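Visitor: no sequence on this one, just coordinates:
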Ligand code: ATP
């Protein structure tokens, strides 16, 4: 399922943050959105999910204009979001969090047991901890729950915000390879990451956001080889 963002503009009150965000996630593509702190990456994902209104531009999901669609309806159309900070229900168990993920989409609820099986195959660690309260998990495990919960709604396109934040290099690897596997199973991924090198290595296509505008794009490899990208984002 193709997601197309055309010249998105968005603001917090009077402060405009997105000026011209144009990018495409082709069906089944893995796309990385990189940029400095404050460039507007999180805001872009929030706008696509409908958590903040658009000031201008247009968003199409499989050709359908979703720009003014309520957030819950976008989920029904196949858009998934793994928010920054995970936002789990800490007093609920892992499995309860996952089941909530299926509840948000009618089509997903009917097949939740099969999806739960697939999600536990993807993250065996979560099956081991399915009865544990999610607030007591490690940061990496919580990130797995957040991704798994979004998967329970059977998204066609998954928006993922900074999944490696606060994780050890080892757990970052686990989370990234799970995302790659999810993508291999046919889910389009739009990944926002501070971990530029690793996300470009994973990405089929990547976009660079500066001050709310997409200023560069290319294959993940092309951007890894781009001297300006290297200097701005890989020189550490
Ligand atoms: P980071 O990696 O730091 O999250 P980002 O590229 O995701 O960076 P955004 O979080 O989208 O950037 O923020 C873009 C700009 O919008 C920043 O200048 C930020 O201060 C501002 N901003 C973000 N959230 C709000 C908010 N709720 N109210 C007002 N301004 C905000």
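Guide: That came through, no problem. Everything numeric in this text was worked out from a predicted model, so none of it was measured.

Visitor: Point me to the helix or strand that includes the residue nearest to the spatial centre of the chain.
Guide: Geometric centre of the chain, nearest residue: residue 160, 1.5 Å, by C-alpha atoms, centre = their mean. Per DSSP states H and E, residue 160 falls inside strand 157-161.

Visitor: Direction included, what does that strand pair up with?
Guide: Here strand 157-161 is paired, per DSSP bridges, with strand 79-82 (parallel), strand 188-192 (parallel).

Visitor: What residues does this structure have near the ligand?
Guide: Near the ligand, the residues belonging to the chain are 12, 15, 17, 35, 37, 38, 39, 40, 41, 42, 43 when assessed by C-beta under 6 Å from any ligand atom. For the C-beta atoms, the positions are set from N, CA and C on the backbone; glycine is no exception.

Visitor: please redo it, this time with the cut-off set to 5 Å
Guide: Within the chain, the positions adjacent to the ligand are 12, 17, 37, 38, 39, 40, 41, 42, 43 by C-beta under 5 Å from any ligand atom.

Visitor: and the lowest-mean-pLDDT helix or strand in the chain, how far out from the chain's middle?
Guide: Every helix and strand in the chain was compared by mean pLDDT, DSSP states H and E; the lowest is helix 106-109, with a mean of 89. Offset of helix 106-109 from its chain centre (C-alpha atoms, centre = their mean, to the nearest Å): 20 Å.

Visitor: What residues of that helix count as buried?
Guide: Residues of helix 106-109 classed as buried: 108, 109 (neighbour count, 16 or more other C-beta atoms under 10 Å).

Visitor: which residues touch it?
Guide: Outside helix 106-109, the residues that touch it by C-beta atoms under 8 Å, 6 or more residues apart in numbering are 76, 101, 102, 103, 115, 152, 153, 154.

Visitor: at 7 Å what do you get?
Guide: 102, 103, 115, 152, 153, 154 (C-beta atoms under 7 Å, 6 or more residues apart in numbering).

Visitor: Could you list the low-pLDDT ranges of the chain?
Guide: Judged by pLDDT under 70, the chain has its weakly predicted residues at 236.

Visitor: Now do the helices in it.
Guide: Taking DSSP state H as the test, the helices found in the chain are 41-49, 71-76, 94-103, 106-109, 112-122, 124-128, 139-151, 169-184, 196-202, 220-225, 227-233.

Visitor: picking that back up, turn the contacts of helix 106-109 into a markdown table, including neighbour count.
Guide: Shown next, in a markdown table, are the contacts of helix 106-109 (neighbours: other C-beta atoms under 10 Å):
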| residue | neighbour count |
| --- | --- |
| 102 | 23 |
| 103 | 12 |
| 115 | 21 |
| 152 | 25 |
| 153 | 24 |
| 154 | 19 |
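
Visitor: Now distance to residue 63 too, for those residues, in a markdown table please.
Guide: Below are the contacts of helix 106-109 laid out as a markdown table (distance: C-beta to C-beta, whole Å):
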| residue | distance to residue 63 |
| --- | --- |
| 102 | 26 |
| 103 | 28 |
| 115 | 26 |
| 152 | 26 |
| 153 | 21 |
| 154 | 20 |
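
Visitor: hmm, back to that, got the contact list for the residue nearest to the centre of the chain?
Guide: The contact partners of residue 160, taken as C-beta under 7 Å, 6+ apart, are 82, 179, 189, 191, 192.

Visitor: What is the nearest of these to the ligand?
Guide: Distance to the ligand, by C-beta to the nearest ligand atom, is smallest for residue 192 among the contacts of residue 160, at 6.4 Å.
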